[in-house]
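Colleague: I would like the atomic coordinates for the input below:
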Amino acid sequence: MTPSHRHATGILRREVLQVGFSGFLGMSLPRVLSAAPSRDAGARGSRAKSVILAFMSGGLSHIDSVDMKPDAPEGIRGEFRPIETAAPGIWFCEHLPMLAQRAGDLAVVRSLAHKYTNHLNATHEILTGSSQPGAFFDKIASRDDFPCYASALDYLRPRTDGVPTGVTLPTFLMEGPLTWPGQHAGFLGPRHDPWHIRQDPSKPGFRVESLALPVGFSVERLTGRQALLDRVNDAMLAGTDAARDRDPMSEQRARAMALLTSGRVGAAFNLDDEAPEVRDRYGRHPFGQSLLLSRRLVEAGVPIVQVNLGGAQRWDTHSANFKSLKDHLLPPTDRGLSALLDDLKARGLLDDTLVVLAGEFGRTPRIGASTGNNNTPDGRDHWAAVFSALFAGGGVRGGQAIGASDRIGAYPAGTAYSPGDFAATIYHALGVDHESELRDRLGRPLRLCEGAPIAPLFGA
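Modeller: Numbers count the residues shown, from 1 in each chain. Next comes the predicted model:
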């Protein structure tokens, strides 16, 4: 059974407030629920306490990065040279030299596949593990969608310590009127939405005080403004049975205020506390500093952090595929992700933290081939029939390639893994039963995801 398709064209006006209810702070905050039993039975063999998902919106060209085809015909194999990695028999692109050195900690899954070749549907697939209800082409975010990983975890394992279950940074995926699905709690409701941080941590002065507060506000002044807002709300709702309860955002504001002005989560945003050489190692750019912030948030107890490596469709290389990858995309990813792996390992956190690098699909094997997206001769179009993702930590056995694509990187050569399998793997690592039951807005039972964990990742 699937949720109602009432919002076939996306979010209604009142739901804009629900999906992005955090205009006050520029972020979403799941409600801190009272103590309740977990709704999942757990997963055997799991060991991760946290997940860091580095997401490449637009779709990484698998054939130009971690699944190269140097023996493929001209027009398919691309311009980049493959290099050996620290894992025997595994080759990466020459523009990923640092990750190549750390391949002993990495597992590359080379046979992910699904059927959606448009960004929005495909993003929902990867960020939720399920197909978007009512989707046919570019259906924007709706409260009928399935929940993202952080939201599902918040529903299944509600917290009582005030720490958000999920944080997404440093961008919000949208372009014009299109809001990417898979970023919210969907049918679970706004109280389970993750935080959305919409500030670049690589910019000078990035601190708690800078987190999208209105111009002229500081944390100190915010307390006074909140008190004034409370008085206005009370006056407007005077005489009602539950004045404060009638304001759907009052609790979220209060929790956000508390977290930003005190405690270990607020302190995690003060990147200036890091030694300059540490920040340099990650790279003084949005990719690197966002990955550094993800490590600090994991240390503060946040279970799921999604780092968007660029805005919506940043990896959508219809034109200048090789120049974009070589000059702008692969080097900062290589540096930032390598520093993250080193940092987690040095701090004894890698075994407890699952790190995942993925996009919503891959790119066409044939350079310049187009399915209607007006590729230039040096571009690659969308390709969901096969693509790759990297995994490390959290019980993953590194130094291996799982699955394979055919000789030109067009289709799986053997076992194909679905977005449901991808999701089940993330849940399994966290000890969440992927067959757990969710309830939609009408109280109907739905399975968490229709996949199974990718067993070879964990040495099974």
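
Colleague: okay, how far is it across stretch 341-359, tip to tip?
Modeller: 19 Å (CA to CA, to the nearest Å).

Colleague: report the distance from that stretch to the chain centre.
Modeller: Remark: stretch 341-359 is offset 15 Å from the chain centroid, using CA atoms, centre = their mean, to the nearest Å.

Colleague: can you give me the helices for the stretch 1-150 of the chain?
Modeller: With DSSP state H, counting those that start in this stretch as the criterion, the stretch 1-150 of the chain has helices at 13-19, 97-101, 119-128, 149-156.

Colleague: and the angle from the longest one to helix 149-156?
Modeller: Meaning helix 119-128. Helix 119-128 runs at 50 degrees relative to helix 149-156, counting by axes from the mean of the first three to the mean of the last three CA atoms, to 10 degrees.

Colleague: now what about helix 119-128, what contacts it?
Modeller: 55, 57-59, 114, 116, 130-132, 135, 137-140, 145-149, 173, 178, 180-183, 186, 306, 312-313, 316, 358-361, 382, 384, 419, 422-423, 449 (CB atoms under 8 Å, 6 or more residues apart in numbering). (C-beta placed from N, C-alpha, C; glycine too.)

Colleague: what helix or strand is the one residue sitting closest to the centre of the chain located in?
Modeller: The C-alpha lying nearest the average C-alpha coordinate of the chain belongs to residue 306 (CA atoms, centre = their mean; 3.5 Å). Secondary structure from DSSP states H and E places residue 306 in strand 304-308.

Colleague: which parts of the helix or strand following that strand are buried?
Modeller: Where DSSP H and E defines the elements, the next helix or strand beyond strand 304-308 is helix 321-324. Within helix 321-324, the residues that count as buried by 16 or more other CB atoms under 10 Å are 321, 322, 324.

Colleague: follow-up on the earlier one: write the ChimeraX selection for whichever of the contacts of helix 119-128 are buried.
Modeller: Filtering the contacts of helix 119-128 down to the buried ones (16+ other CB under 10 Å) takes a single ChimeraX command:
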select :55,57,58,59,114,116,130,131,132,135,139,140,145,146,147,148,149,173,178,180,181,182,183,186,306,312,313,316,358,359,360,361,382,384,419,422,423,449
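
Colleague: any stretches of the stretch 201-350 of the chain with poor pLDDT?
Modeller: Along the stretch 201-350 of the chain, the parts satisfying pLDDT under 70 run over 208-262.

Colleague: and the helices in it?
Modeller: Using DSSP H, counting those that start in this stretch, helices in the stretch 201-350 of the chain cover 219-236, 250-261, 263-268, 276-282, 286-299, 321-324, 330-346.

Colleague: could you check the distance from residue 360 over to residue 103?
Modeller: Going from residue 360 to residue 103 by CB to CB, to the nearest Å gives 24 Å.

Colleague: again but with residue 355, I slipped
Modeller: 13 Å.

Colleague: would you agree residue 265 is in contact with residue 297?
Modeller: Yes. Residue 265 is within contact range of residue 297, at 7.3 Å (criterion: CB atoms under 8 Å).

Colleague: more neighbours: the two, which one.
Modeller: residue 297 (27 against 22; other CB atoms under 10 Å).

Colleague: so what's the residue count around residue 413?
Modeller: Neighbour number of residue 413 under other CB under 10 Å is 15.

Colleague: how near is it to residue 69?
Modeller: Using CB to CB, one gets 12 Å for the distance from residue 413 to residue 69.

Colleague: identify the contacts common to those two.
Modeller: Shared contacts of residue 413 and residue 69 (CB under 8 Å, 6+ apart): residue 407.

Colleague: mind listing what the strand holding residue 306 pairs with, with the direction of each?
Modeller: Here strand 304-308 is paired, per DSSP bridges, with strand 50-56 (parallel), strand 166-169 (parallel).

Colleague: got a markdown table for the ones you listed, with distance to residue 125 and mean pLDDT too?
Modeller: Below are those laid out as a markdown table (distance: least, CB to CB, whole Å; pLDDT from 0 to 100):
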| stretch | distance to residue 125 | mean pLDDT |
| --- | --- | --- |
| strand 50-56 | 12 | 98 |
| strand 166-169 | 17 | 96 |
